[in-house]
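S.K.: sequence and predicted structure are below.
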Amino acid sequence: MNNKISYIIIAILFLSVQSFAQEWLVPGDQRNIKNPLEYNLDNVQKGKDLYLKNCKSCHGDPGKNNALPLVPPPVDITSEKMQKNTVGELFYKITNGRGGMPQFKTNISEDDRWRIVNYIMNFNPNREPVLVAAPKVKAKIMASVNEKERKVEVFAEHEVKGKYSSLGNEQITISAKKYFGNIKIGEVTTDNNGRAEFNIPESLIGDEEGNVNMVVSLGEDYIAEAVLLEEAKVGQNKKVQKLIKPGILWSTNENIQIWLLLSYIGAVGAAWAAIAYVVFQLIKVKRLGKTEH
(Lines give C-alpha, C1' and ligand atoms only; values in the text may rest on other atoms or scores of the structure.)
Protein backbone atom coordinates (compact mmCIF):
# COMPACT_ATOMS: atom_id res chain seq x y z
CA MET A 1 0.00 0.00 0.00
CA ASN A 2 2.82 2.41 0.92
CA ASN A 3 4.58 1.69 -2.38
CA LYS A 4 1.37 2.45 -4.31
CA ILE A 5 0.99 5.78 -2.49
CA SER A 6 4.62 6.66 -3.24
CA TYR A 7 4.14 5.89 -6.93
CA ILE A 8 1.00 8.05 -7.04
CA ILE A 9 2.82 11.00 -5.40
CA ILE A 10 5.75 10.66 -7.81
CA ALA A 11 3.37 10.52 -10.78
CA ILE A 12 1.54 13.66 -9.62
CA LEU A 13 4.81 15.55 -9.15
CA PHE A 14 6.04 14.39 -12.55
CA LEU A 15 2.86 15.51 -14.29
CA SER A 16 2.97 18.85 -12.46
CA VAL A 17 6.53 19.52 -13.62
CA GLN A 18 5.64 18.42 -17.15
CA SER A 19 2.67 20.78 -17.27
CA PHE A 20 4.90 23.68 -16.24
CA ALA A 21 7.51 22.69 -18.80
CA GLN A 22 4.98 22.92 -21.64
CA GLU A 23 5.15 25.95 -23.89
CA TRP A 24 3.16 28.90 -22.62
CA LEU A 25 0.73 29.55 -25.46
CA VAL A 26 -0.93 32.96 -25.74
CA PRO A 27 -4.34 33.33 -27.46
CA GLY A 28 -3.96 34.34 -31.10
CA ASP A 29 -5.86 37.60 -30.74
CA GLN A 30 -3.41 38.72 -28.02
CA ARG A 31 -0.09 37.90 -29.69
CA ASN A 32 0.07 40.72 -32.19
CA ILE A 33 -1.46 43.60 -30.26
CA LYS A 34 0.72 46.71 -30.33
CA ASN A 35 2.21 48.58 -27.41
CA PRO A 36 0.19 51.82 -27.06
CA LEU A 37 3.11 53.50 -25.24
CA GLU A 38 6.02 54.84 -27.23
CA TYR A 39 9.34 53.02 -26.98
CA ASN A 40 11.39 55.91 -25.61
CA LEU A 41 13.83 56.65 -22.80
CA ASP A 42 11.18 57.87 -20.36
CA ASN A 43 8.94 54.80 -20.70
CA VAL A 44 11.89 52.38 -20.63
CA GLN A 45 13.35 54.03 -17.52
CA LYS A 46 9.99 53.83 -15.74
CA GLY A 47 9.71 50.23 -16.90
CA LYS A 48 13.09 49.52 -15.33
CA ASP A 49 11.97 50.98 -12.00
CA LEU A 50 8.83 48.83 -12.11
CA TYR A 51 10.85 45.73 -13.02
CA LEU A 52 13.24 46.26 -10.10
CA LYS A 53 10.30 46.64 -7.73
CA ASN A 54 8.06 43.82 -8.96
CA CYS A 55 10.06 41.36 -11.08
CA LYS A 56 13.74 41.30 -10.13
CA SER A 57 13.19 39.26 -6.96
CA CYS A 58 12.30 36.25 -9.14
CA HIS A 59 13.82 36.92 -12.59
CA GLY A 60 17.06 38.39 -11.24
CA ASP A 61 19.37 40.99 -12.74
CA PRO A 62 19.19 41.27 -16.55
CA GLY A 63 21.92 39.22 -18.19
CA LYS A 64 23.30 37.71 -14.96
CA ASN A 65 21.21 34.50 -14.91
CA ASN A 66 20.67 34.79 -11.15
CA ALA A 67 16.94 34.06 -11.02
CA LEU A 68 15.39 32.27 -8.07
CA PRO A 69 15.81 28.46 -8.25
CA LEU A 70 12.11 27.77 -8.83
CA VAL A 71 10.39 25.06 -10.93
CA PRO A 72 10.22 26.04 -13.68
CA PRO A 73 13.02 28.63 -13.30
CA PRO A 74 12.09 32.26 -14.10
CA VAL A 75 13.55 33.31 -17.45
CA ASP A 76 16.28 35.96 -17.72
CA ILE A 77 14.72 38.88 -19.60
CA THR A 78 17.76 39.21 -21.89
CA SER A 79 17.64 35.56 -22.96
CA GLU A 80 16.59 34.33 -26.40
CA LYS A 81 13.66 32.50 -24.83
CA MET A 82 12.29 35.75 -23.39
CA GLN A 83 13.08 37.91 -26.41
CA LYS A 84 11.34 35.62 -28.89
CA ASN A 85 8.03 36.76 -27.37
CA THR A 86 6.09 39.49 -29.15
CA VAL A 87 5.16 42.58 -27.15
CA GLY A 88 1.59 41.26 -27.06
CA GLU A 89 2.72 37.93 -25.60
CA LEU A 90 4.83 39.66 -22.95
CA PHE A 91 1.94 41.90 -21.95
CA TYR A 92 -0.43 38.93 -21.76
CA LYS A 93 1.93 36.90 -19.56
CA ILE A 94 2.65 39.82 -17.22
CA THR A 95 -1.07 40.53 -16.98
CA ASN A 96 -2.40 37.00 -16.41
CA GLY A 97 0.49 35.00 -14.98
CA ARG A 98 0.69 31.22 -14.75
CA GLY A 99 1.82 28.78 -12.07
CA GLY A 100 4.56 30.45 -10.01
CA MET A 101 4.33 33.59 -12.16
CA PRO A 102 1.80 35.90 -10.44
CA GLN A 103 -0.75 37.91 -12.39
CA PHE A 104 -0.25 41.66 -12.20
CA LYS A 105 -3.49 42.89 -13.73
CA THR A 106 -4.78 43.97 -10.32
CA ASN A 107 -1.47 45.20 -8.86
CA ILE A 108 0.08 47.15 -11.74
CA SER A 109 -1.81 49.56 -14.02
CA GLU A 110 -2.16 48.74 -17.71
CA ASP A 111 0.19 51.56 -18.75
CA ASP A 112 2.83 50.42 -16.27
CA ARG A 113 2.60 46.84 -17.54
CA TRP A 114 3.31 48.19 -21.03
CA ARG A 115 6.26 50.13 -19.60
CA ILE A 116 7.69 46.86 -18.22
CA VAL A 117 7.31 45.41 -21.72
CA ASN A 118 9.23 48.41 -23.09
CA TYR A 119 12.03 47.75 -20.60
CA ILE A 120 12.23 44.08 -21.62
CA MET A 121 12.34 45.09 -25.28
CA ASN A 122 15.30 47.35 -24.50
CA PHE A 123 17.36 44.11 -24.52
CA ASN A 124 15.96 42.86 -27.83
CA PRO A 125 18.79 42.41 -30.38
CA ASN A 126 16.51 43.73 -33.14
CA ARG A 127 15.96 47.05 -31.37
CA GLU A 128 18.24 49.95 -30.66
CA PRO A 129 18.59 50.18 -26.86
CA VAL A 130 17.48 53.53 -25.51
CA LEU A 131 18.64 52.83 -21.98
CA VAL A 132 22.34 52.03 -21.88
CA ALA A 133 24.08 51.09 -18.65
CA ALA A 134 26.47 53.88 -17.78
CA PRO A 135 29.90 53.07 -16.29
CA LYS A 136 29.90 53.02 -12.51
CA VAL A 137 31.10 56.14 -10.74
CA LYS A 138 33.64 56.11 -7.91
CA ALA A 139 32.18 57.44 -4.67
CA LYS A 140 32.83 57.68 -0.94
CA ILE A 141 30.52 57.46 2.04
CA MET A 142 31.17 58.78 5.54
CA ALA A 143 28.66 57.94 8.25
CA SER A 144 28.24 58.05 12.00
CA VAL A 145 25.47 57.24 14.42
CA ASN A 146 24.03 59.61 17.01
CA GLU A 147 22.72 57.19 19.63
CA LYS A 148 21.13 59.89 21.78
CA GLU A 149 19.04 61.32 18.93
CA ARG A 150 18.70 57.92 17.22
CA LYS A 151 20.03 59.19 13.88
CA VAL A 152 22.49 58.05 11.24
CA GLU A 153 24.35 61.02 9.76
CA VAL A 154 25.72 60.55 6.24
CA PHE A 155 27.96 62.48 3.88
CA ALA A 156 28.52 61.23 0.31
CA GLU A 157 30.95 62.28 -2.41
CA HIS A 158 31.54 61.18 -5.99
CA GLU A 159 34.45 61.57 -8.39
CA VAL A 160 34.12 64.19 -11.11
CA LYS A 161 37.07 64.72 -13.46
CA GLY A 162 39.51 63.25 -10.98
CA LYS A 163 38.24 65.24 -7.99
CA TYR A 164 35.68 64.39 -5.34
CA SER A 165 32.67 66.62 -4.80
CA SER A 166 29.45 66.30 -2.80
CA LEU A 167 26.93 63.77 -4.14
CA GLY A 168 23.49 65.38 -3.95
CA ASN A 169 20.02 63.95 -4.50
CA GLU A 170 21.22 60.36 -4.24
CA GLN A 171 19.60 57.52 -2.35
CA ILE A 172 21.42 55.99 0.62
CA THR A 173 20.38 52.61 2.03
CA ILE A 174 20.68 51.74 5.73
CA SER A 175 20.60 48.05 6.61
CA ALA A 176 21.06 45.87 9.68
CA LYS A 177 23.92 43.39 9.37
CA LYS A 178 22.85 39.83 10.23
CA TYR A 179 24.57 36.45 10.09
CA PHE A 180 22.67 35.50 6.95
CA GLY A 181 22.94 38.89 5.17
CA ASN A 182 21.81 42.48 5.45
CA ILE A 183 18.21 43.43 6.19
CA LYS A 184 17.11 46.79 4.85
CA ILE A 185 15.98 49.23 7.55
CA GLY A 186 15.22 52.20 5.32
CA GLU A 187 16.45 54.77 2.82
CA VAL A 188 17.28 58.46 2.82
CA THR A 189 18.18 60.94 0.05
CA THR A 190 21.15 63.30 0.29
CA ASP A 191 20.62 67.04 -0.05
CA ASN A 192 22.49 69.29 -2.50
CA ASN A 193 25.51 69.24 -0.17
CA GLY A 194 25.64 65.43 -0.12
CA ARG A 195 24.40 65.19 3.46
CA ALA A 196 21.50 63.22 4.92
CA GLU A 197 20.08 62.17 8.25
CA PHE A 198 18.22 58.90 8.76
CA ASN A 199 15.89 58.55 11.73
CA ILE A 200 16.24 55.08 13.20
CA PRO A 201 12.80 53.50 13.76
CA GLU A 202 11.78 52.77 17.34
CA SER A 203 10.74 49.25 16.32
CA LEU A 204 14.30 48.21 15.39
CA ILE A 205 15.37 45.17 17.41
CA GLY A 206 19.00 44.67 18.38
CA ASP A 207 20.78 41.99 20.37
CA GLU A 208 20.13 41.23 24.05
CA GLU A 209 21.71 44.58 24.96
CA GLY A 210 20.03 46.54 22.15
CA ASN A 211 23.14 46.80 19.95
CA VAL A 212 22.76 46.86 16.15
CA ASN A 213 25.42 46.56 13.45
CA MET A 214 24.31 48.90 10.65
CA VAL A 215 25.52 49.09 7.05
CA VAL A 216 25.33 52.35 5.06
CA SER A 217 25.61 51.91 1.28
CA LEU A 218 25.03 53.51 -2.13
CA GLY A 219 23.22 51.99 -5.11
CA GLU A 220 24.63 49.74 -7.83
CA ASP A 221 25.56 52.71 -10.06
CA TYR A 222 28.46 53.58 -7.78
CA ILE A 223 31.74 51.99 -6.75
CA ALA A 224 31.77 52.80 -3.06
CA GLU A 225 32.77 50.85 0.01
CA ALA A 226 29.87 50.45 2.42
CA VAL A 227 30.29 51.84 5.93
CA LEU A 228 29.79 49.49 8.87
CA LEU A 229 28.56 51.09 12.09
CA GLU A 230 29.24 48.45 14.73
CA GLU A 231 27.36 47.91 17.99
CA ALA A 232 25.25 51.04 17.87
CA LYS A 233 22.98 50.98 20.90
CA VAL A 234 19.82 52.06 19.08
CA GLY A 235 17.64 48.95 19.07
CA GLN A 236 15.22 47.32 21.41
CA ASN A 237 16.65 44.61 23.63
CA LYS A 238 16.12 41.20 22.08
CA LYS A 239 14.23 38.99 24.49
CA VAL A 240 15.72 35.51 24.67
CA GLN A 241 13.65 32.97 26.52
CA LYS A 242 15.71 30.77 28.79
CA LEU A 243 14.36 27.25 28.76
CA ILE A 244 16.69 26.05 31.51
CA LYS A 245 17.17 27.99 34.72
CA PRO A 246 20.46 27.64 36.65
CA GLY A 247 20.24 25.22 39.56
CA ILE A 248 16.84 23.84 38.56
CA LEU A 249 16.20 20.41 37.06
CA TRP A 250 14.96 20.92 33.50
CA SER A 251 11.91 18.75 34.16
CA THR A 252 10.68 21.16 36.84
CA ASN A 253 11.20 24.29 34.77
CA GLU A 254 7.84 25.95 34.06
CA ASN A 255 9.07 26.83 30.58
CA ILE A 256 9.34 23.23 29.46
CA GLN A 257 6.90 22.18 26.74
CA ILE A 258 4.52 19.42 27.85
CA TRP A 259 5.13 17.39 24.70
CA LEU A 260 8.88 17.45 25.35
CA LEU A 261 8.38 16.35 28.96
CA LEU A 262 6.10 13.48 27.91
CA SER A 263 8.52 12.45 25.17
CA TYR A 264 11.37 12.33 27.66
CA ILE A 265 9.36 10.30 30.19
CA GLY A 266 8.27 7.92 27.43
CA ALA A 267 11.82 7.45 26.17
CA VAL A 268 13.19 6.81 29.68
CA GLY A 269 10.34 4.44 30.44
CA ALA A 270 10.92 2.51 27.22
CA ALA A 271 14.64 2.22 27.99
CA TRP A 272 13.99 0.84 31.48
CA ALA A 273 11.35 -1.54 30.09
CA ALA A 274 13.86 -2.85 27.55
CA ILE A 275 16.48 -3.38 30.28
CA ALA A 276 13.94 -5.17 32.47
CA TYR A 277 12.91 -7.39 29.56
CA VAL A 278 16.52 -8.38 28.85
CA VAL A 279 17.16 -9.15 32.56
CA PHE A 280 13.97 -11.20 32.69
CA GLN A 281 15.01 -13.21 29.62
CA LEU A 282 18.46 -13.85 31.09
CA ILE A 283 16.94 -15.11 34.36
CA LYS A 284 14.55 -17.29 32.39
CA VAL A 285 17.38 -18.81 30.37
CA LYS A 286 19.38 -19.44 33.51
CA ARG A 287 16.46 -21.27 35.17
CA LEU A 288 15.86 -23.39 32.10
CA GLY A 289 19.52 -24.34 32.12
CA LYS A 290 19.28 -25.54 35.72
CA THR A 291 16.16 -27.64 35.10
CA GLU A 292 17.80 -29.39 32.14
CA HIS A 293 20.72 -30.42 34.35
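M.R.: Looks like it came in fine.
S.K.: next SSE after the helix or strand hosting residue 43?
M.R.: Assigned by DSSP states H and E, residue 43 falls within helix 41-54. Sequence order places helix 56-59 as the next helix or strand after helix 41-54, per DSSP H and E.
S.K.: hmm, who's touching that following helix?
M.R.: With contact meaning Cβ atoms under 8 Å, 6 or more residues apart in numbering, helix 56-59 is reached by 51, 67-68, 70, 74-77, 100-101. C-betas here are computed from N, CA, C, even on glycine.
S.K.: buried subset of those as a PyMOL selection?
M.R.: The PyMOL selection below is limited to those of the contacts of helix 56-59 classed as buried (16 or more other Cβ atoms under 10 Å):
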select buried, resi 51+67+74+75+76+77+101
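S.K.: tell me who's in contact with the closest residue to residue 107 other than its chain neighbours.
M.R.: Distances taken as Cβ to Cβ, 6 or more residues apart in numbering put residue 54 closest to residue 107, at 7.5 Å, once the chain neighbours are dropped. Residues counted as contacts of residue 54 (Cβ under 8 Å, 6+ apart) are 104, 107-108, 116.
S.K.: Validate this expectation: residue 159 resides in a strand.
M.R.: Yes: when DSSP: H, G, I helix; E, B strand; the rest coil is applied, residue 159 is found to be in a strand.
S.K.: specify the beta-bridge partners of it.
M.R.: For residue 159, the beta-bridge partners under DSSP bridges are residue 164.
S.K.: you'd agree it is up against residue 137?
M.R.: Yes: using Cβ atoms under 8 Å, residue 159 is in contact with residue 137, at 6.4 Å.
S.K.: quick one: the helices in the stretch 51-200 of the chain, in order.
M.R.: 56-59, 80-83, 87-96, 110-121 (DSSP state H, counting those that start in this stretch).
S.K.: figure out which of those is closest to residue 239.
M.R.: helix 56-59 (30.8 Å; Cβ to Cβ).
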